[in-house]
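Chemist: need the 3D shape of this:
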Amino acid sequence: MTGVEGLWPHNLSPNRLAVLERKLVLWLQEQPLPADIHEMALHYNSHEDLQLLTQKAAAQGCHFADLQTTVQGVISAKTDNFLDLAEIAGLNPLEDFADAKLLGANLRGLTLSGAKLTNAYLRGADLSDIDLTCSDLRNANLGGADLSGALLSDADLTGADLHRVSLALANLSGSNLTNVNLEEANLSNCNLSDANLSGACLKNADLYQAGLALTNLVNVDFTGANVKEARLWHDSGISDEVKADLIHRGAIFDEKIENIKRD
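Modeler: From the prediction side, this is the model:
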C-alpha cells in the first residue's frame with residue numbers, strides 16, 4: 001500500500017469519498033503514530049496530502065488490513081445515502097464530521113439536528129431541505145452550497161463562509177451569523193428573525209421578502225443588496241441613516257406588528 005490509491009479508487013461519489021476520507025483520518029488518530037502524522041491527518045488539504053499521509057503511516061509500520069474491510073464495505077454499498085454510508089463506516093454523523101471535507105456532498109433532506117460541523121468544508125454541497133437546527137457550523141465553508149429550504153434555527157454559523165450560497169426559503173431564526181460572509185447569497189423569503197447578523201457581509205445579497213424582525217444588524221454591510229419587500233421590525237444596530245437608505249431601496253419597516261411568532 002503506497003497511498004490512498006491503494007485504499008480506494010478515484011471515481012467515487014462525493015458522499016463515499018467524504019465518508020472514506022473521514023474514516024481514514026479518525027482511524028489514523030487511533031494508531032500509535034508520531035504526533036506529526038496525527039497533526040497532518042487533522043489538517044490535510046488535498047488528495048496529495050492524504051497520499052503522503054498514508055505513505056508515512058505505512059513507513060511507520062501501520063497496517064491497513066482492518067481499515068480495508070470497512071473501505072470495501074463503503075465502496076460496495078448499494079446506497080449512496082450519506083447516513084447509511086456513515087453507519088457502514090462506523091461513524092456518527094452528528095459527532096464525527098467536524099473539520100471534515102464534504103466537497104459537493106449530497107445531504108439533501110437529511111436530519112442532522114445538533115450536528116457538530118465546525119470548520120467543515122461543504123463547498124458546492126446539496127443541503128437543500130436539510131434539518132440543521134441547533135447545529136455547530138462555526139467557520140464552516142459553505143460557499144456555493146444549496147441550503148434552500150433548510151432548517152437552521154438556533155444554529156451557530158459564526159465566521160462561516162456563505163459566499164453565493166442559496167438560502168431561499170430557509171429558516172435561520174435565532175441563529176448566530178456573527179461575521180458571516182453572505183456576499184451574493186440568495187436569502188429571498190428567508191426567515192432571519194431574532195438572528196444575530198452583527199458584522200455580517202451582505203454585499204450584493206438577495207434579501208427579497210426576507211423576514212428580519214428583531215434581528216441584530218450591528219455593522220452589517222448592505223452594499224448593493226436587494227432589500228425590496230424585506231420586512232424589518234425592532235431590529236437593533238440600525239442607524240436612522242441606514243434605515244432611511246433601506247426604506248428608499250424597498251425595505252419595509254413594520255412598526256405595527258405586535259406579536260412575532262417564530263416558525
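
Chemist: distance of residue 57 relative to residue 33?
Modeler: From residue 57 over to residue 33 the distance is 6 Å, taken as CB to CB, to the nearest Å. Any C-beta I mention is one placed from the backbone N, CA and C, and that applies to glycine too.

Chemist: can you pull out the strands in this protein?
Modeler: When assigned using DSSP state E, the strands of the chain occupy the ranges 211-213, 231-233, 252-253.

Chemist: coming back round to it: so residue 57 and residue 33 - more neighbours on which side?
Modeler: residue 57 (23 against 18; other CB atoms under 10 Å).

Chemist: that one is in contact with residue 30, isn't it?
Modeler: No. Between residue 57 and residue 30 there is no contact, the gap being 11.6 Å when judged by CB atoms under 8 Å.

Chemist: so where do the helices sit in this protein?
Modeler: For the chain, the helices defined by DSSP state H occupy 14-29, 35-42, 47-59, 65-76, 82-88, 240-248.

Chemist: you'd agree residue 70 is up against residue 88?
Modeler: Yes. When contacts are counted by CB under 8 Å, residue 70 is listed as touching residue 88 (7.4 Å).

Chemist: just to revisit the earlier point, just the strands of the chain: most buried one?
Modeler: Stretch with highest mean neighbour count among the strands of the chain: strand 211-213 (a mean of 24; mean count of other CB atoms under 10 Å).

Chemist: any chance of CSV for the strands of the chain, columns mean pLDDT and distance to residue 41?
Modeler: Shown next, in CSV, are the strands of the chain (pLDDT from 0 to 100; distance: least, CB to CB, whole Å):
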stretch, mean pLDDT, distance to residue 41
strand 211-213, 96, 42
strand 231-233, 95, 46
strand 252-253, 94, 51
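
Chemist: mind checking which of these is nearest residue 165?
Modeler: strand 211-213 (17.3 Å; CB to CB).

Chemist: show me what the closest one is packed up against.
Modeler: strand 231-233 (3 or more CB pairs under 8 Å, 6 or more residues apart in numbering; DSSP states H and E).

Chemist: residue 108 contacts residue 126, correct?
Modeler: Yes. If you go by CB under 8 Å, residue 108 and residue 126 touch, sitting 4.8 Å apart.

Chemist: separation between residue 52 and residue 70?
Modeler: To residue 70, residue 52 is 22 Å away according to CB to CB.

Chemist: ok, residue 11 - how many residues close by?
Modeler: With other CB under 10 Å as criterion, residue 11 counts 7.

Chemist: let me know the pLDDT of it.
Modeler: Per-residue pLDDT puts residue 11 at 88.
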